[in-house]
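Novice: sequence? don't have it. structure:
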């Protein structure tokens with residue numbers, strides 16, 4: 001009599017075949033899932049890259065716009081500053097002219113002539129300042145620094161000191 005619970009050669013072979021087929025199907029399914037995920041990851045990466053490029057271009061355009069606006073504002077402020085400086089020089093010249101007679105009487109005509117010469121020099125400087133463009137003034141400043149770098153550094157230090165004193169309030 002044959003024991004029904006004893007394994008037979010054909011039953012074991014069939015189970016091995018089923019197990020092998022199941023493993024192969026699992027491998028094929030895993031490869032298909034991996035391929036799908038790879039495609040999805042590549043697609044997401046491409047979307048993120050293109051979105052990042054768009055954002056980057058938008059940011060660059062905004063930065064260029066801000067830079068252009070800043071350049072225009074700086075030019076406007078420079079023109080305004082040039083006009084105010086010229087007005088201040090003319091005002092100082094007028095102040096000297098108003099007090100020349102007093103200098104003649106109190107100190108002497110020689111000093112009055114010095115004051116008249118200084119006043120005229122200030123007027124001439126204001127006129128030259130009004131006539132020059134910002135580019136001309138910029139080139140003049142560059143030339144001055146090239147010719148006298150030590151003096152330029154000294155003047156910059158003195159101006160910095162004065163500005164610091166004004167803003168410190170002392």
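Specialist: Now that the structure is in, tell me what you want to look at. The structure displayed is predicted, hence computed values, not measured ones.
Novice: centroid residue for the protein?
Specialist: Nearest to the geometric centre of the chain sits residue 67, at 7.1 Å (C-alpha atoms, centre = their mean).
Novice: which residues in the protein form helices?
Specialist: 9-106, 109-131, 134-147, 149-168 (DSSP state H).
Novice: where in this protein is pLDDT low?
Specialist: Counting by pLDDT under 70, the ranges of the chain that qualify are 1-10, 169-170.
Novice: ok, back up a step: single out the most deeply packed of the helices of the chain.
Specialist: The highest mean neighbour count among the helices of the chain, using mean count of other C-beta atoms under 10 Å, belongs to helix 109-131: a mean of 15. From N, CA and C alone the C-beta is placed, and that goes for glycine too.
Novice: show me what that helix is packed up against.
Specialist: helix 9-106 (3 or more C-beta pairs under 8 Å, 6 or more residues apart in numbering; DSSP states H and E).
Novice: which segments of the protein make up each domain?
Specialist: According to automatic domain parsing, the chain comprises the domains 16-131, 134-170.
Novice: please report how far residue 129 lies from residue 122.
Specialist: With distances taken as C-beta to C-beta, to the nearest Å, residue 129 is found 10 Å from residue 122.
Novice: over to residue 164?
Specialist: As judged by C-beta to C-beta, residue 164 and residue 122 stand 26 Å apart.
Novice: returning to that earlier point: now list whatever residues contact both of residue 129 and residue 122.
Specialist: Residues touching both residue 129 and residue 122 (C-beta atoms under 8 Å, 6 or more residues apart in numbering) are residue 89.
Novice: quick one: contacts for residue 93?
Specialist: Shown in contact with residue 93 (C-beta under 8 Å, 6+ apart): 119, 120, 122, 123, 126.
Novice: pretty sure the fourth one is touching residue 90, no?
Specialist: Yes: applying C-beta atoms under 8 Å as the test, residue 123 and residue 90 come out as touching, 6.7 Å apart.
Novice: show me whatever sits in contact with both of these two.
Specialist: Jointly contacting residue 123 and residue 90 under the rule C-beta under 8 Å, 6+ apart is no residue at all.
Novice: switch the contacts of residue 93 over to CSV; also include distance to residue 23.
Specialist: Listed next are the contacts of residue 93 as CSV, based on distance: C-beta to C-beta, whole Å:
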residue, distance to residue 23
119, 106
120, 106
122, 100
123, 102
126, 96
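Novice: just these now: which is nearest residue 33?
Specialist: Closest to residue 33 out of the contacts of residue 93 is residue 126 (82.6 Å), distances taken as C-beta to C-beta.
Novice: and residue 84, how far from residue 130?
Specialist: 12 Å.
Novice: got it, and residue 63?
Specialist: Taking C-beta to C-beta as the measure, residue 63 falls 35 Å from residue 130.
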